[in-house]
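Q: dropping the sequence and predicted coords here.
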Amino acid sequence: MKLTLLLLVCLACVQPSVERAAGYSKFDKGLKETLRELMEELRTDEVKHIDSESEAEDDAESQRVELPGGEEKPQNINPNSKEEQKEDNLDKSHFSVGLGGGPKKATYNVYRYLAGNKRIFEESATLWTDGIIPYSIDEASFSGYLSTLKSQLADAINQLNSDTCVKWVERTTEENYVLITSADGCWSYVGKTGGEQKISLEKDGCLTVHTVLHELLHAMGTQHEQSRSDRMKMTSMLWKNIDTKNLNNFDMANTNNAQPYDYKSVMQYELQSFGKNGKNSMSIPDTSFEYLITNTKNTLSLYDIGEINSGYKCTADCTNTCKNGGVVTKGSSGCSCKCPSGLKGSDCSELDTSDGCGEFITLSSSGDKKTISMGSYTPGVVCTWVIKGPANNRIKATIDSLDLPYNEYDDCYHWLEFRDYLIGDRGKERCGTQGGASFTKAMVGDPGRMMIRFNTAKHSDQAAGKGFSVTVEAVESAAATTTCDFQKDFQTCLFQVDKSKSAFDFRFMSTVDTRYPGNEDGFQYLVMDGNKNPGNKAYLVTSADFQEAARCLSFKYLYIDRYYDDGYDASMVFKYRNSAGTESTLFTIGTTDVSYNSWQTKSLDLPAVSGLQLIIEANEGWQNIALDNISLKSGACEKNPTGLN
């Protein structure tokens, strides 16, 4: 360590022009890299972590520094859990009495996939009449913490009253009401139960605004975000890592979904919640979005607000339309639009941007590009660009060049923000000295719209960098290889159940059930879950838009039990449909030559057709059929010497 300090002193002596305030220097590249390596050695022992409850911590979690040697994560991110993360481990939602008899029992590696486009409001939960929820406080139970409880509760209720039609009011003589008490843990029943129902906010562990909002929303009828019925592409349960006493907190629920899956929701658990020995209980397919989950959630997200307004039909009589991802709300001031930050106006059609920068950019066709750039700038500006592409396209942004300041711990002073998840959620923030990084809008919400912001206001006292150049372009959707391996639910799968046409559901299984030989030990696969009623059908379909090109569809399948050839045998028919609506059959599982009780592999060539849609028609019969490793890739199928094609 002494040698390192001496070297640093020497380097500083020979190069007095180091721009420490800007976070980078004018050193030649070799000397600069040497200095950086030495600084890294120093940080190992001397780094001072940010306050875990601070806004700076949220900033650091969202940021990366782009450098010639690669992308760097801030070194001073606090490794300790935030208070709201600790409180998640005290949470336990209760199903309302009379709505199924209590919490569902979770079964390791076996659970039902309830098909359809639904979400956070539990379908069977009873909502509160006219959105009015009387409440009272068991003040004696909050001895020593009553003022804290009242302050946090007032904050939470004010948020709900401002942006939704649901009103929490102090109880007078109402028969149905919520009693807020300090019992064991943080919990609530889901929806109205009738009579007195409790919310527990343990006084020495559940009194952040985040947890108060979380439990109030449960009482209003909402489920956990990770329990929503369309969670498959967005999160996976790591069942082996979850404390068995808390498996019900991760059950998939039958929910109504008005908004896209939101990692920033106050109803989303942390990835480590209820994990054994500090292990993750959940994972998400794109770990670059984990900051949305770890960032402090002490306010309702834009999509929480939209969900509540939809669930309670607050906006049923509203006639206003919101643009650019805004959400129609009806709060204390009547019908209005709640805009993503960076947008403003009565319908979210105006940019919230500093003078002289920012713009709405329209890309008219696939492949269209435009460059956004700023050279010299004055610290203090916040600039906003909203890019919109044509139908069936996604927006991609690539950093061509970058010179934005950061500090010795790799915290950005000035940064570019790329909202490549949901336009109403915080984006990934980047600074540094190296171009090349790219960001493609996720297939969530509107994939054809992205916001980019340039923020120099928070650290306006820091010297400006040389600026940046970013190219935005429209790229066609679903052009890449996709795989459904089912070990993480439907996480990367293009197929979803068409509920409007399906008479039964599907479920995930593994080798836990010895009747169904596993494809790979411990890995999940998809199984028909009917009641053996021949004639019933269910459909797995794609909804993505494909380029007109040849493709290869491959998959594994298991025909469970022998084939009887009596007209009541189960089958799966693989089809494709073109833009004219013409259907063609590719392959059928369940004919006289089927092999049963052993996994088979099949590859099918798809022709280049316009408006391609893939359909798997499952026909119920005596047997069950399982699927796994469904892969769709560009180009013709490779010929397999084993003859399995």
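A: Structure's in. What do you need?
Q: distance of residue 311 relative to residue 151?
A: Between residue 311 and residue 151 the computed distance is 27 Å (CB to CB, to the nearest Å). All C-beta atoms are positioned from the backbone trio N, CA, C, and that covers glycine.
Q: ugh, typo on my part, it should be residue 75
A: Residue 75 is 35 Å from residue 151, where distance means CB to CB.
Q: then residue 472?
A: Using CB to CB, residue 472 is found at 44 Å from residue 151.
Q: so which of these two has more stuff around it?
A: In terms of neighbours (other CB atoms under 10 Å), residue 472 is the more surrounded of residue 472 and residue 151; the figures are 22 against 13.
Q: pretty sure the more buried one contacts residue 393?
A: No - between residue 472 and residue 393 no contact is recorded; they are 11.6 Å apart, counting by CB atoms under 8 Å.
Q: shared neighbours, those two?
A: The overlap between the contact sets of residue 472 and residue 393 (CB atoms under 8 Å, 6 or more residues apart in numbering) consists of residue 363.
Q: you'd agree residue 229 is in a strand?
A: No - remark: residue 229 does not belong to a strand; assigned using DSSP: H, G, I helix; E, B strand; the rest coil, it is coil.
Q: surely it is in contact with residue 251?
A: No - Residue 229 is beyond contact range of residue 251, at 10.6 Å (criterion: CB under 8 Å).
Q: the two: which has the busier surroundings?
A: residue 229 (23 against 20).
Q: quick check: phi and psi on the more buried one?
A: Summarising the backbone geometry of residue 229 under the convention degrees, to the nearest 10, its torsions are phi -70, psi -10.
Q: hang on, the earlier thing: need the residues touching each of residue 229 and residue 251.
A: In terms of CB under 8 Å, 6+ apart, residue 229 and residue 251 are not both contacted by any residue.
Q: not counting its neighbours along the chain, what's nearest residue 495?
A: Nearest in space to residue 495, with sequence neighbours left out and distances taken as CB to CB, 6 or more residues apart in numbering, is residue 540 at 4.3 Å.
Q: and for residue 555?
A: Excluding its sequence neighbours, the residue lying closest to residue 555 (CB to CB, 6+ apart) is residue 630, at 4.4 Å.
Q: mind listing the helices for the stretch 251-400 of the chain?
A: For the stretch 251-400 of the chain, the helices defined by DSSP state H, counting those that start in this stretch cover 290-294, 302-311.
Q: then the chain?
A: In the chain, the helices defined using DSSP state H lie at 2-14, 29-46, 55-62, 83-88, 146-163, 209-220, 290-294, 302-311.
Q: show the contacting residues for the residue lying closest to residue 64 once chain neighbours are set aside.
A: For residue 64, ignoring the flanking residues on the chain, the nearest one in space by CB to CB, 6+ apart is residue 71 at 4.9 Å. Residue 71 is in contact with 64, 65, 437, counting by CB under 8 Å, 6+ apart.
Q: tell me which of those residues is nearest to residue 274?
A: The shortest approach to residue 274 among the contacts of residue 71 belongs to residue 64, at 29.0 Å (CB to CB).
Q: residues in contact with the closest one?
A: Contact partners of residue 64, counting by CB under 8 Å, 6+ apart, are 71, 72, 73, 74, 410, 428, 429, 430, 432.
Q: mind checking how far it is from residue 368?
A: When CB to CB is applied, the distance between residue 64 and residue 368 equals 28 Å.
Q: next: residue 60.
A: Here the distance between residue 60 and residue 368 works out to 35 Å (CB to CB).
Q: which of those two has more neighbours?
A: Higher neighbour count among residue 60 and residue 368: residue 60, with 24 against 16, using other CB under 10 Å.
Q: ok, now which ones touch the residue positioned nearest the centre of the chain?
A: When the chain is reduced to its mean C-alpha position, the nearest residue by CA atoms, centre = their mean turns out to be residue 263, at 4.0 Å. In this structure, residue 263 makes contact with 225, 234, 284, 289, 292, 293, 421, 425, judged by CB under 8 Å, 6+ apart.
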